[in-house]
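>>> I'll drop the sequence and a predicted model, then ask my questions.
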Amino acid sequence: MIPIGSDLKVFRPPDTVENGDYVLFVGRFRKYKGIQVLMDAWNEFPDRRLIMVGGGPLENEVRRRIQKENLNILIVSNPSDHELVEFYQQARCLVLPSTLRSEAFGMVQTEAMACGIPVISTALSTGVPWVNASGVSGLVVQPGDSTALAAAVRQLDDPLLHSKLAEGALDRAEHCFNAAELFTRVEYLLKEAVDAEIS
């Protein structure tokens, strides 16, 4: 098995470590992403900022709910590639609250890990919890459980746990999700297949 990787020359820790005061979500605003669950959880954090980078079919609905419930959420629709990396680098953590099997892998997890930030994701029966190893690179909660999601966000307030998972996230990205190394493995596999066919 050769997983999808991230470009570690692009997605990397900041030169100066200075985690921001926000939690980060990156992705399309679609039903399977668990956005409503995330917003339910955010009702518990009036003083903690959530930045949601993305857009899509549910964007208007999300904006209406933010306004109606006065949620401390900022939507950023079209950041540049450079801005996206900066959002990762300065976040406390990335949250991927997906609830359905449509979330097969969660590429944003590898990007966040490569920037040295922990991930909170869900225990889907897909590759998502394999990418984010619970207790190593982040925390894994049950899909659809806003209370558990909020509790995981609070757990990362522990500086020792946060530091441990941040280091684990970066290490896992470097050893498991380095796109350059994975492309080399794909090339080797294709060459091996061609050679076997010829012989």
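On my side now, so go ahead.
>>> got the contact list for the most centrally placed residue in the chain?
Nearest to the mean C-alpha position of the chain, by CA atoms, centre = their mean, lies Gln109 at 3.4 Å. Taking CB atoms under 8 Å, 6 or more residues apart in numbering as the criterion, Gln109 is in contact with Leu94, Leu96, Val119, Ser121, Val128, Val131, Asn132, Gly138. For every residue, glycine as well, the C-beta is placed using N, CA and C.
>>> Among the residues you listed, which ones are in helices?
Using DSSP state H, the members of those that fall within helices are Val128, Val131.
>>> so which two of the contacts of Gln109 are the farthest from each other?
Using CB to CB, the contacts of Gln109 span at most 12.2 Å, a distance reached by Leu94 and Val128.
>>> The two: which has the busier surroundings?
Per other CB atoms under 10 Å, whichever of Leu94 and Val128 has more neighbours is Leu94, with 27 against 22.
>>> so what's the more buried one closest to, chain neighbours aside?
Closest residue in space to Leu94, ignoring its immediate chain neighbours: Ala112 at 3.7 Å, by CB to CB, 6 or more residues apart in numbering.
>>> List the buried residues for the strand or helix carrying the one you found?
Using DSSP states H and E, the element containing Ala112 is helix 107-114. Of the residues in helix 107-114, Met107, Val108, Gln109, Thr110, Glu111, Ala112, Met113, Ala114 count as buried by neighbour count, 16 or more other CB atoms under 10 Å.
>>> which residues does the fourth one contact?
In this structure, Thr110 makes contact with Ile4, Gly5, Ser6, Phe11, Val131, Ala173, Phe177, judged by CB under 8 Å, 6+ apart.
>>> Helix, strand or coil: sort out Ala166 for me.
Three-state call for Ala166 (DSSP: H, G, I helix; E, B strand; the rest coil): helix.
>>> actually Gly54, not the one I typed
Quick answer, by three-state DSSP: Gly54 is strand.
>>> quick one: Lys31 from Glu167, how far?
To Glu167, Lys31 is 34 Å away according to CB to CB, to the nearest Å.
>>> again, but for Arg63
Distance of Arg63 to Glu167, given as CB to CB: 36 Å.
>>> same thing with Thr99?
Thr99 is 29 Å from Glu167, where distance means CB to CB.
>>> If you count surrounding residues, which of these two has more?
Counted by other CB under 10 Å, Thr99 and Glu167 do not tie: Thr99 has more neighbours, with 20 against 14.
>>> in what helix or strand does that one lie?
Counting by DSSP H and E, Thr99 is found in no helix or strand.
>>> That one against Ile35, yeah?
No. Judged on CB atoms under 8 Å, Thr99 makes no contact with Ile35 at a distance of 9.3 Å.
>>> For the protein, which residues score under the pLDDT cut-off?
1-3, 17-19, 179-180, 182-190, 195, 199 (pLDDT under 70).
>>> Strands along that one, start to end?
Assigned by DSSP state E, the strands in the chain fall at 22-28, 49-55, 73-76, 93-95, 119-122, 138-141.
>>> Dump those to TSV, plus distance to Val153.
Shown next, in TSV, are these (distance: least, CB to CB, whole Å):
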stretch	distance to Val153
strand 22-28	6
strand 49-55	9
strand 73-76	13
strand 93-95	7
strand 119-122	7
strand 138-141	9
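>>> Since that was my last question, I'll sign off now.
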